[in-house]
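Chemist: make a model of this:
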Amino acid sequence: MAFGYRKNVEKDLPTWVEQGWVSRANGEKILASIDARSTRFSFANVLAVLGAVLLCFGFMTFVAANWSEISKLGRLIILFSGLWLAYGAALYCKSTDKPGFADAALLLGVGIFGASIMLISQTYHIDGHAPDAVFMWGLGALATGVLGRSRPVLGLAVILFTVWSCWEMLEQFRVNREIHWLFAPFWLICVMAFIREKWRIGYHLAMLCFLVWFFSSLVNFVLIDKTPEVYIPLFGLETGLLIAGIGLVAGMAPARMDHFDRPLVAYGYAVLLFSAFYLQMVFIAGQQVFSWPVFVLAGFGAAAFAVAWRGKRINTISLAIGLALACVPLVMFGIGHSGERGSSTVVYEILAGTGLIILAIWAIQFRWQRDNRLVTVLGYVTFGVELLYIYFRTFGTLLDTALFYLIAGVLLVAMGFVFARLERRSLEHQEVEQ
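Modeler: Next comes the predicted model:
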């Protein structure tokens, strides 16, 4: 991707220089800057990292296959020799300006470190809490990644912390049924390391790991405590609102966050839209829905959207939708107390379908508001899936379905006129200020 981007810039530079927008010297500096950023992401470096992964598994398999025939001292010598040889190779590659191969060597060293923890504990019959071994491995990977400034190793660290935390939750829920909050500080340390390294892929990896941990926590909580399934999408809805709000606020300081705001907003919208779609399938009128953590999440999410609106990161319509989403738990609490247990009416279904279509349109227009294409794609997907869901599942007769589509079509056209007028007024206001 970096190579294609360089070719496009190289093709456009003569025109920019001719038009006087960029000087020839600055054009050369731009190309040099692109080359400097892309040196670590080349096909050769990718092959080196993949080769390091294979070497790591090969080393572990060979040692494990001959483990019983090697003396205890011999085992330690093999493990520590392999570890320090890998780190020595990393230092050599760093000194010879081969950052990709240095990353591969560091990844190999961290892999051997993890294998050493497992094999040494087996040798000396060390019985302990199994997730602690993964935690120690994660600490070693984090320290190596931070000191060696290695992106792949930092990526491995956040994955290991996620595995450790999910494993801990499986153990803890059987005893005290608590969410493993200790994951949060280590996840944040990894995120700060990604920000320091300006690693955009790492931002996505961090958000994916967070979502795995979050939904694992919810599923375990619901299954073991036998709480209503509706709490999963409710928590997800307000968490997605909060994540998107934090991303919008983070975008107010781009120099520090370095584009971390975009994936944060995108994954927030993904969680929000998925949870809203899930919510319409599991909520039953008359079901008692109340949880203080949900209300706290909703409050923080609404506050984040208010701060983003004050900082002119979003428009008034987005603020209104964000505040409406924050009120969903309160509305559902009222519906749960007012409706009869197990009742399901067309009114609830129409409200849920209309609300989700509005959310999809809100996501689609986000590209014009903040130029986040991933959010727009999520909006299109949600819009299409929801229309199919309405057609096949929601309404009992074709007449009801046709009526819904007709009403929704009229509303969309009306909303189009409203958005057009708002955009026209905004442009006129900008022209007056200029």
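
Chemist: domains for the protein, by residue range?
Modeler: 1-38, 395-434 (automatic domain parsing).

Chemist: mean pLDDT for the ones you listed: which is lowest?
Modeler: Of all these, mean pLDDT reaches its minimum on domain 395-434 (a mean of 56).

Chemist: got the contact list for stretch 208-218?
Modeler: 158-159, 161-162, 165-166, 169, 179-180, 183, 187, 231-232, 235-236, 239, 267, 271 (CB atoms under 8 Å, 6 or more residues apart in numbering). To be clear about C-beta, it is placed using only N, CA and C from the backbone, and glycine gets the same treatment.

Chemist: and the residues you listed, which of them are in helices?
Modeler: Using DSSP state H to define helices, the subset of the contacts of stretch 208-218 located there is 158-159, 161-162, 165-166, 169, 183, 187, 231-232, 235-236, 239, 267, 271.

Chemist: so which of those residues is the closest to A86?
Modeler: I159 (19.1 Å; CB to CB).

Chemist: how about the closest residue to that closest one other than its chain neighbours, secondary structure?
Modeler: Nearest residue to I159 in three dimensions, chain neighbours excluded: C209, at 6.4 Å (CB to CB, 6 or more residues apart in numbering). Per DSSP: H, G, I helix; E, B strand; the rest coil, the secondary structure class of C209 is helix.

Chemist: give me the phi and psi angles of L79.
Modeler: phi -60, psi -50 (degrees, to the nearest 10).

Chemist: for it, what are its contacts?
Modeler: Counted by CB under 8 Å, 6+ apart, L79 has contacts 63, 112, 115-116, 119-120.

Chemist: quick one: buried ones out of these?
Modeler: Neighbour-count burial (16 or more other CB atoms under 10 Å) is assigned, among the contacts of L79, to 63, 112, 115-116, 119.

Chemist: just these: which are in helices?
Modeler: 63, 112, 115-116, 119.

Chemist: got a markdown table for these, with pLDDT and distance to S318 too?
Modeler: Shown next, in a markdown table, are those (pLDDT from 0 to 100; distance: CB to CB, whole Å):
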| residue | pLDDT | distance to S318 |
| --- | --- | --- |
| V63 | 65 | 56 |
| I112 | 85 | 49 |
| A115 | 78 | 49 |
| S116 | 81 | 51 |
| L119 | 73 | 54 |
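
Chemist: Serialize these to a markdown table and add fields for distance to T316.
Modeler: Compiled in a markdown table, those are given as follows (distance: CB to CB, whole Å):
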| residue | distance to T316 |
| --- | --- |
| V63 | 63 |
| I112 | 56 |
| A115 | 56 |
| S116 | 58 |
| L119 | 61 |
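
Chemist: alpha carbons of stretch 306-317, as PDB, please.
Modeler: What follows is stretch 306-317, C-alpha atoms only, in PDB (Å, rounded to 0.1, in the frame of the first residue of the first chain):
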ATOM      1  CA  ALA A 306     -21.500  16.800  24.400                       C
ATOM      2  CA  VAL A 307     -17.700  17.600  24.600                       C
ATOM      3  CA  ALA A 308     -17.300  16.700  20.900                       C
ATOM      4  CA  TRP A 309     -20.200  18.900  20.000                       C
ATOM      5  CA  ARG A 310     -18.700  21.800  21.900                       C
ATOM      6  CA  GLY A 311     -15.400  21.200  20.100                       C
ATOM      7  CA  LYS A 312     -17.200  21.300  16.800                       C
ATOM      8  CA  ARG A 313     -16.400  17.700  16.000                       C
ATOM      9  CA  ILE A 314     -20.000  16.800  15.400                       C
ATOM     10  CA  ASN A 315     -23.200  18.700  14.400                       C
ATOM     11  CA  THR A 316     -26.300  19.200  16.500                       C
ATOM     12  CA  ILE A 317     -28.100  16.300  14.800                       C
END
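
Chemist: what about that stretch, average pLDDT?
Modeler: 87.

Chemist: residues of it that come out buried?
Modeler: Buried-residue list, stretch 306-317, by 16+ other CB under 10 Å: 306, 308-309, 313-315.

Chemist: so which of these are in helices?
Modeler: Filtering the buried residues of stretch 306-317 for helices - DSSP H - leaves 306, 308-309.
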